[in-house]
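K.L.:
quick one, structure for this:
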Amino acid sequence: MFEFEKDFILLLITIYQLFSIMTTSRRTFLKNSVVLLAGTALLSKTALAAKKPDEIVAIQLYSVRDDMKKDPIGTLTQLAKIGYKNVEHANYIERKFYGFKPAEFKKILDDLGLKMPCGHTVMGKNHWDAEKKDFSDSWKYTVDDAAFMGQKYVISPSMDNDMRKTYDDMIRYMDVFNLCGELCQKSGMKFGYHNHSFEFSEKLNGIKVFDIMMQKMDPKLVLMQLDIGNMYIAGAKALDILGQYPGRFEMIHVKDEIAVNTPEKYESAILGKGIIPAKEAIDLGRKIGGTYVFIIEQESYQNLPPLECMKENYAVMKKWGY
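P.N.:
The predicted structure is shown next:
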């Protein structure tokens, strides 16, 4: 029996007992009222932590990028055997996913019981024609192919330096982001952006790039796919950001980081083995962040095979209740 069911039954028993003794002494009534309130609080806490039926747990295929280059079908087969049901792509080049045309790649996924609700494709400066005030054909194809694949989200995982040279440049491209949100909406999808670390370390007009984005992106049109690991390099913490912008993070990239002797100071690791409070962050995202898409990503492996890391990450997420 699930803990939620146990708590609910306990609450019902408590209510029955309370009403049964309401005709007895006032002291007894007050004591049982406290029990009732405690049961209600327990129920509320359990309900808040419960997994929602529409939640999605996926793997970012960049986590197994070398395996996908060598043997994409075999790698996807292994991921499906581990238990993954959803993937996020990171390779769309010349209208092909990992070298396969959309129809071919969709069949591969379908045959393995996999879905691809989201994908990473950089929307660069070259994808917007300022004179025509329209997107390039190549970007329109990107959106069309994503819709064909059944994606719910089109995510740009980076931003050209030219798009943020000045505050005014940044504002202009936030307007383009909003227009891209409208374009994706026409195909039943959402447009989003995936942060790295510079959004938290760079400032324009004294304002962090991340804050400019959160202020200027229309939340009805553009979402922020929050990477809880990348931000740590710049000293930002996911728990703080989730509290600062509640309800704004439909998607979270679930990561852990360990300290290393490199210029970036950190590299990703298996969940639960680093210094990121990953479980606390995604739990908070579930409660106040509006989060229901949780995407596992690991880019460094500490000499372990990437697929073995993905197996362990999946087990950790299951243990955490996702």
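
K.L.:
contacts only, for Asn230.
P.N.:
With contact set as C-beta atoms under 8 Å, 6 or more residues apart in numbering, Asn230 has these partners: Asn195, His196, Ser197, His253, Lys255. The C-beta positions use only the backbone N, C-alpha and C, and glycine is treated the same way.

K.L.:
so the closest residue to Gly74 other than its chain neighbours: helix, strand or coil?
P.N.:
Excluding the flanking residues, the one nearest Gly74 by C-beta to C-beta, 6 or more residues apart in numbering is Asp67, at 7.8 Å. In three-state terms, and counting by DSSP: H, G, I helix; E, B strand; the rest coil, Asp67 is helix.

K.L.:
does Asp67 really touch Thr75, like I thought?
P.N.:
Yes: contact criterion C-beta atoms under 8 Å: Asp67 and Thr75 qualify, at 4.2 Å.

K.L.:
now list whatever residues contact both of the two.
P.N.:
With C-beta under 8 Å, 6+ apart, Asp67 and Thr75 have common neighbours Leu307.

K.L.:
tally of neighbours for the spatially closest residue to His120 that is not a sequence neighbour?
P.N.:
Closest residue to His120 apart from its sequence neighbours, by C-beta to C-beta, 6+ apart: Pro157 at 4.2 Å. Residues lying near Pro157 (other C-beta atoms under 10 Å) number 21.

K.L.:
so who does Pro157 touch?
P.N.:
Ala90, His120, Thr121, Val122, Tyr193, His194.

K.L.:
picking up where we left off before, contact partners for the residue nearest to Gly74?
P.N.:
Contacts for Asp67 (C-beta under 8 Å, 6+ apart) come out as Gly74, Thr75, Gln78, Pro306, Leu307.

K.L.:
repeat the analysis, applying 10 Å as the threshold.
P.N.:
Counting by C-beta atoms under 10 Å, 6 or more residues apart in numbering, Asp67 touches Leu61, Gly74, Thr75, Leu76, Gln78, Leu79, Pro305, Pro306, Leu307, Met310.

K.L.:
now intersect those with the helices, please.
P.N.:
Cross-referencing the contacts of Asp67 against helices under DSSP state H gives Gly74, Thr75, Leu76, Gln78, Leu79, Pro306, Leu307, Met310.

K.L.:
surely Ile270 and Glu308 touch.
P.N.:
Yes: counting by C-beta atoms under 10 Å, Ile270 touches Glu308, with 9.3 Å between them.

K.L.:
more neighbours: which of those two?
P.N.:
Legend: neighbour count by other C-beta under 10 Å for Ile270 and Glu308, higher for Ile270 (20 against 12).

K.L.:
what sits against the more buried one?
P.N.:
Applying C-beta under 10 Å, 6+ apart, the residues near Ile270 are 256, 258, 298, 301-302, 304, 308-313, 315-316.

K.L.:
just among those, which is most surrounded?
P.N.:
Within these, most neighbours by other C-beta under 10 Å means Gln298, with 27 neighbours.

K.L.:
need the three-state assignment for it.
P.N.:
On the three-state scheme (three-state DSSP), Gln298 is labelled coil.

K.L.:
for it, what are phi and psi?
P.N.:
Torsion angles at Gln298 (phi, psi; degrees, to the nearest 10) stand at phi -140, psi 130.

K.L.:
is it true that it touches Asp227?
P.N.:
No: between Gln298 and Asp227 no contact is recorded; they are 11.9 Å apart, counting by C-beta under 10 Å.

K.L.:
joint contacts of these two?
P.N.:
With C-beta under 10 Å, 6+ apart, Gln298 and Asp227 have common neighbours Gln60, Val254, Lys255, Ser268.

K.L.:
and those residues, which of them are in strands?
P.N.:
Under the assignment DSSP state E, the shared contacts of Gln298 and Asp227 contribute Gln60, Val254, Ser268 to strands.

K.L.:
the last one pairs with what?
P.N.:
Residues found in beta-bridge contact with Ser268 (criterion: DSSP bridges) are Glu257.

K.L.:
can you redo the ones in strands among the shared contacts of Gln298 and Asp227 as CSV with neighbour count, distance to Ala238 and pLDDT?
P.N.:
Formatted as CSV, these follow (neighbours: other C-beta atoms under 10 Å; distance: C-beta to C-beta, whole Å; pLDDT from 0 to 100):
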residue, neighbour count, distance to Ala238, pLDDT
Gln60, 26, 17, 98
Val254, 30, 10, 98
Ser268, 24, 14, 97
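
K.L.:
show me the contacts for Trp128.
P.N.:
The neighbours of Trp128, taking C-beta under 10 Å, 6+ apart as the test, are Asp134, Phe135, Ser136, Trp139, Met163, Arg172, Tyr173, Asp175, Val176, Phe177, Leu179, Cys180.

K.L.:
which one of those residues is nearest Leu284?
P.N.:
Distance to Leu284 across these (C-beta to C-beta) is lowest for Phe177, with 25.5 Å.

K.L.:
how many neighbouring residues does the closest residue to the closest one other than its chain neighbours have?
P.N.:
Distance criterion C-beta to C-beta, 6+ apart; nearest residue to Phe177, sequence neighbours excluded, is Val222 at 5.0 Å. By other C-beta under 10 Å, the residues close to Val222 number 23.
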